[in-house]
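Student: Generate coordinates for the sequence data below:
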Amino acid sequence: MQANMTAHPPPKKNNRKIPQKPTLSPVITTTHTRRLPHLHAIGHPTFLTWRLHGSLPQNLAFSTITTGQSFTAIDRQLDTATKGPLHLRNPELATMLINALHHRHETDYNLHSWVIMANHVHILITPHIPVPALMRSVKRFTARQANKILGHTGHSFWQDESYDRLVRNEKEFNSSAWYIEMNPVRAGLAATPEAFPWSSAKERMSQPHTVGSRETMLT
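Tutor: Next comes the predicted model:
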């Protein structure tokens, strides 16, 4: 669903660039979850967030988001959670999820920025296939692998719902990428984005020509 997400302003030396868009306007597809619209466009940068099953109280959900402030408030609650599932702080699970995201890079989407938090995931992508199909595939595969690692059977791993937002211009692209990589800093888990091991900021520092680098953002 659409919302104007409140984000930290990008630093002065942020050299990210929004991928070059086609000359024709993107075809926007509307789907509905819990009677609320989600706008998707193939070839158009998109901010996505999804979370572990049961990671929020029943009265809170992404489907209740109506403004950028409400998204930030829910995200903050996820960041500060000490109860509920926190499986993604398990290094084996985090690594599995990162590998799964990279596996689809340049086939199902271009992966620009990402972070794996203890109970949720943020990514910034340019999709090459419809986002609902993409999310079903990613969730299904990673849930199956995660339950194998945890030794669980018949457990719901991901919450069905997710949050998505079309990125409208270069300023929003930079702000979205900054919001994602600053998440561990805001949560008090790292002093700088690069110090957190499960994010594109860390990977870009160690491998400057890999996913999330300036070069891949321009393609």
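Student: where does this structure have low pLDDT?
Tutor: Applying pLDDT under 70 to the chain picks out residues 1-38, 61-69, 207-219.
Student: And the strands in it?
Tutor: For the chain, applying DSSP state E gives strands covering 28-33, 36-41, 46-52, 109-116, 120-127, 158-166.
Student: Dump those strands to a markdown table, plus mean neighbour count and distance to Arg204.
Tutor: All C-beta atoms are positioned from the backbone trio N, CA, C, and that covers glycine. Compiled in a markdown table, these are given as follows (neighbours: other CB atoms under 10 Å; distance: least, CB to CB, whole Å):
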| stretch | mean neighbour count | distance to Arg204 |
| --- | --- | --- |
| strand 28-33 | 12 | 30 |
| strand 36-41 | 17 | 26 |
| strand 46-52 | 23 | 18 |
| strand 109-116 | 24 | 9 |
| strand 120-127 | 24 | 13 |
| strand 158-166 | 19 | 23 |
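Student: need these in TSV with distance to Met205, can you?
Tutor: As requested, these are exported to TSV (distance: least, CB to CB, whole Å):
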stretch	distance to Met205
strand 28-33	35
strand 36-41	31
strand 46-52	22
strand 109-116	13
strand 120-127	18
strand 158-166	27
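Student: Which of those strands sits closest to Val185?
Tutor: strand 109-116 (10.3 Å; CB to CB).
Student: which strands and helices sit next to that closest one?
Tutor: helix 91-103, strand 120-127, helix 170-186, helix 200-206, helix 214-217 (3 or more CB pairs under 8 Å, 6 or more residues apart in numbering; DSSP states H and E).
Student: Could you rerun that using 10 Å?
Tutor: Helices and strands touching strand 109-116, by 3 or more CB pairs under 10 Å, 6 or more residues apart in numbering; DSSP states H and E, are strand 46-52, helix 91-103, strand 120-127, helix 131-150, helix 170-186, helix 200-206, helix 214-217.
Student: Turn those into JSON lines, including distance to Ser113.
Tutor: Below are the helices and strands packed on strand 109-116 laid out as JSON lines (distance: least, CB to CB, whole Å):
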{"stretch": "strand 46-52", "distance to Ser113": "9"}
{"stretch": "helix 91-103", "distance to Ser113": "11"}
{"stretch": "strand 120-127", "distance to Ser113": "4"}
{"stretch": "helix 131-150", "distance to Ser113": "16"}
{"stretch": "helix 170-186", "distance to Ser113": "4"}
{"stretch": "helix 200-206", "distance to Ser113": "5"}
{"stretch": "helix 214-217", "distance to Ser113": "9"}
